[in-house]
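Peer 1: Need a 3D model of the following:
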Amino acid sequence: MQGTVDGFSYGLVTPVVAYLMACLGGALGLRCTTRALLFAHSWRPGWLALGSTAIGSGIWTMHFVAMMGFTIDQAPIHYDKPMTYASLGVAVVMVGIGIFIVGYRGATGTALFTGGTITGLGIASMHYLGMAGLRFDGRLEYNTVTVAASVVIGMAAATAALWAAGQVRGFLWSVGASLVMGLAVSGMHYTGMAALSVHLHGTGAPGEGDSPASLLAPMLIGPLALLCLAAAVVIFDPKMAAGRLSRPAAEPRPGVPAHTTAHRPARRASLSPGRDLVRDRSRAPQNR
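Peer 2: Okay, here's the model as predicted:
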């Protein structure tokens, strides 16, 4: 039996809030990535790890908020807790791989394509693994073409966001990159939901697992705490708060002499203008 699906049971509230959560996680994560590109290697892993956690938490929170507006007529929805939390781990790990590639190789060429592709696949993996945690009296089916389109949207937009973050051109670039990242997550999510069809068994048996209400508190507390931590680090970093991000000086390499600028003594200014005038006249053609 075909099930009736409603993805906007609360109207525009859930999509707007979900998009804002994705933008918040993207803004913090990409800002940390930008800072990592400007730090020495000793601090870079910490900034990249914090950025990966922020983006992964924002993606996961966005998915959860959006799913609060998803209902199936005559079929109560429950969630499998281990599968749901596993989707958070997948998001953080796969986004982290993409972020670290860009952080150490730069946001250009092959590194940008590889990092953006892995980050986009992380967004898609989190979504479909989270959907696999749904429990109800029925089963889910997907349209293959639409699923592929959702994955391509996630990869393309994630690549664009990482490119913008790697430009290191100020705060406005980070804001624009976060908006693109939010678009990547939300676009991928709702495109994937458009590929979904529900078939009910009609047995009336309740689905197994925890209800959304029982998962609400732990699902929100953890990711929001991580986002608050990332926000505190970004806000209290003086260079990032003031927008004075500049590339560090080149690190000295063994065996390569440092370039020194030879200081030439300044030419002594003449104390007698008349003497210079006489000297110039003596160099006239008729006097040579």
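Peer 1: can you give me the helices for the stretch 1-150 of the chain?
Peer 2: Counting by DSSP state H, counting those that start in this stretch, residue ranges of the helices within the stretch 1-150 of the chain are 13-36, 44-67, 81-105, 109-132, 144-166.
Peer 1: Show me which residues of the fourth one are buried.
Peer 2: Right, the one you point to is helix 109-132. 111-112, 114-131 (16 or more other CB atoms under 10 Å). (C-beta placed from N, C-alpha, C; glycine too.)
Peer 1: got the angle between that helix and helix 44-67?
Peer 2: If you take axes from the mean of the first three to the mean of the last three CA atoms, to 10 degrees, helix 109-132 sits at 40 degrees to helix 44-67.
Peer 1: export helix 109-132 as CSV, just CAs?
Peer 2: This file holds the C-alpha atoms of helix 109-132, laid out as CSV (Å, rounded to 0.1, in the frame of the first residue of the first chain):
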residue,chain,number,x,y,z
GLY,A,109,43.3,21.7,-8.4
THR,A,110,43.1,18.1,-7.5
ALA,A,111,43.1,18.6,-3.7
LEU,A,112,40.0,20.8,-4.0
PHE,A,113,38.2,18.4,-6.2
THR,A,114,39.1,15.4,-4.0
GLY,A,115,38.2,17.2,-0.7
GLY,A,116,35.0,18.6,-2.1
THR,A,117,33.9,15.2,-3.4
ILE,A,118,34.6,13.4,-0.1
THR,A,119,32.8,16.2,1.8
GLY,A,120,29.8,15.9,-0.5
LEU,A,121,29.8,12.2,-0.1
GLY,A,122,29.9,12.6,3.6
ILE,A,123,26.8,14.8,3.5
ALA,A,124,25.0,12.2,1.4
SER,A,125,26.2,9.3,3.5
MET,A,126,24.9,11.0,6.7
HIS,A,127,21.5,11.7,5.1
TYR,A,128,20.9,8.1,3.8
LEU,A,129,22.3,6.5,6.9
GLY,A,130,20.0,8.6,9.0
MET,A,131,17.1,7.7,6.8
ALA,A,132,18.0,4.0,7.3
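Peer 1: Remind me what that helix packs against, helices and strands.
Peer 2: helix 44-67, helix 81-105, helix 144-166, helix 171-194 (3 or more CB pairs under 8 Å, 6 or more residues apart in numbering; DSSP states H and E).
Peer 1: Just send the ones you listed back as JSON lines, with distance to residue 75, mean pLDDT and mean neighbour count too.
Peer 2: Converted to JSON lines, the helices and strands packed on helix 109-132 look like this (distance: least, CB to CB, whole Å; pLDDT from 0 to 100; neighbours: other CB atoms under 10 Å):
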{"stretch": "helix 44-67", "distance to residue 75": "14", "mean pLDDT": "88", "mean neighbour count": "25"}
{"stretch": "helix 81-105", "distance to residue 75": "18", "mean pLDDT": "90", "mean neighbour count": "21"}
{"stretch": "helix 144-166", "distance to residue 75": "22", "mean pLDDT": "88", "mean neighbour count": "21"}
{"stretch": "helix 171-194", "distance to residue 75": "16", "mean pLDDT": "85", "mean neighbour count": "22"}
